[in-house]
Structure formats: C-alpha cells, structure tokens
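Participant: okay, sequence plus prediction incoming.
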Amino acid sequence: MSDIEPQTAIGKVLWHFTMSLDGFVAGPGHEMGWMSGISARPGLVDEYVRTTGAILGGRDGWDAAGGHRPYGGLWDGPVFVLTHHPEDATPAGGVTFLSCDPAEAVRIGLEAADGKNLEVFSPTIGRDLLELGLIDEIDLHIAPVLLGEGIRLYDNPGGEPIRLHRLGVGDPASLVNVRYRPATTARIPAEAVE
C-alpha cells in the first residue's frame with residue numbers, strides 16, 4: 001500500500017528513516033536487529049537507490065553500522081559522516097568524515113549528490129537541520145514494532161512543536177491513520193471466563 005507518490009531525485013534534503021510505531025529509529029546503542037523480518041513495498045529500495053545522490057550521517061550511527069553500505073550495499077555513492085573527531089575515524093572507501101557545521105555539511109552533500117537527493121540518516125543532524133530550515137522532506141516508513149527504548153527520531157525536550165504538512169492527497173494537516181494488531185495475542189479460553 002502506498003498513499004504517496006514515489007520519491008523523486010530533485011536535489012532535496014531528505015530526512016529518511018524507518019521508525020518504530022513508538023518513534024524510535026534505532027534501539028539502544030544504535031541496535032538495528034529489530035528491523036529483521038520487516039518488509040517494504042516492492043520497489044521501495046530501488047526507488048531510493050535510484051534517487052539518492054549522497055548520504056549524510058552521524059558518527060555514532062556510522063560506527064554502530066560497522067561500515068555497512070546503505071540499502072544492503074545496492075547503493076553506491078558518497079557518504080559524509082559529520083563528526084567532532086575525524087582524526088580517529090577508520091577510513092572507508094567513498095566515506096568522507098566532516099568536521100564542520102551542519103549547514104556546511106548539507107552544502108557539501110548536495111554538491112556531491114549532483115542533482116539527486118541528499119539523504120540524512122541521523123536524528124541529531126536531522127533535528128539541527130530542521131531548526132535551520134534545511135530539511136525539504138521527512139520521509140518515514142513506520143515499522144509494525146514497539147521498541148520502548150532507543151534512539152528517537154526527534155528529541156527536543158522543552159522545545160516548541162514543529163508543525164508538518166503531509167505530502168500526497170488530502171488535507172496536509174490531517175492525521176495519518178495506522179491500525180495494527182499484536183502479532184501474538186494471549187486469548188483467554190471461553191471456559192475460563194465462566
């Protein structure tokens with residue numbers, strides 16, 4: 001099921017994540033095992049492989065990923081990792097470690113993306129870019145799982161709410177309706193109720 005148009009490559013800054021229903025994009029310590037067994041609509045990965053020109057991420061996420069390439073290795077392009085300590089980063093092919101402000105990282109990433117999208121794979125960097133007005137779209141895939149803890153997509157205690165407009169058909173300020181059922185539900189036998 002898809003209720004929005006496919007992603008296009010038009011030089012957008014795209015904050016892109018798969019997120020648990022309770023708002024986490026990674027488990028504690030950037031653990032991602034919770035994503036196993038979750039499927040995406042056919043062609044979704046190819047859509048992002050085709051429209052992504054460069055990726056901007058953070059050091060914690062990069063280190064936790066162990067150097068694995070995005071999209072299961074199907075995508076190949078420049079990866080930029082924003083870090084306060086590039087000098088102790090382990091070099092990797094196609095990866096540039098940046099130590100600059102987030103706006104400069106976006107400028108560098110968009111230039112490298114060569115007209116395609118710059119995908120932001122960091123909650124912290126995404127929040128900073130959102131506050132700077134540099135996020136064009138937030139693209140979320142809600143996974144049918146509740147993690148209960150981990151790394152939130154957006155965490156800004158004490159901050160003002162940020163209003164969003166939904167892309168696609170209908171009212172841009174409308175709710176998105178999602179309905180799930182627990183995969184395992186304990187049923188009380190009818191004879192125990194009597």
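Facilitator: Great, that's in hand.
Participant: tell me which residues are up against the lengthiest helix in the chain.
Facilitator: As assigned by DSSP state H, the longest helix anywhere in the chain is helix 102-113. In this structure, residues lying in contact with helix 102-113 by CB atoms under 8 Å, 6 or more residues apart in numbering are 11, 13, 52-56, 77-78, 80, 82, 96, 98, 100, 118, 125, 128-129, 132, 134. No exception for glycine: its C-beta is placed from N, CA and C like everyone else's.
Participant: ok, the helix or strand following it: who's next to it in the sheet?
Facilitator: Elements were assigned by DSSP states H and E; along the chain past helix 102-113, the next helix or strand is strand 117-121. Applying DSSP bridges to the sheet, strand 117-121 is found paired with strand 13-20 (parallel), strand 52-58 (parallel).
Participant: which of those strands is buried the deepest?
Facilitator: strand 52-58 (a mean of 23; mean count of other CB atoms under 10 Å).
Participant: what does it rub up against?
Facilitator: For strand 52-58, the external contacting residues (CB under 8 Å, 6+ apart) are 9, 11, 70, 75, 77-83, 105-106, 109-110, 112-122, 124-125.
Participant: what do you get for stretch 160-180?
Facilitator: By CB under 8 Å, 6+ apart, the residues outside stretch 160-180 that reach it are 3-5, 21, 130, 137-138, 142, 144, 154.
Participant: so which of these belong to strands?
Facilitator: Counted as lying in strands by DSSP state E, out of the contacts of stretch 160-180, are 137-138, 142.
Participant: pick the one among those residues closest to G27.
Facilitator: For the ones in strands among the contacts of stretch 160-180, the minimum distance to G27 (CB to CB) is 15.9 Å, reached by I142.
Participant: quick check: the closest one touching D22?
Facilitator: No - at 10.0 Å, I142 and D22 do not qualify as touching, with contact defined as CB atoms under 8 Å.
Participant: that older thread, next, format the strands paired with strand 117-121 as TSV and append mean pLDDT and distance to L164.
Facilitator: Listed next are the strands paired with strand 117-121 as TSV, based on pLDDT from 0 to 100; distance: least, CB to CB, whole Å:
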stretch	mean pLDDT	distance to L164
strand 13-20	95	11
strand 52-58	97	20
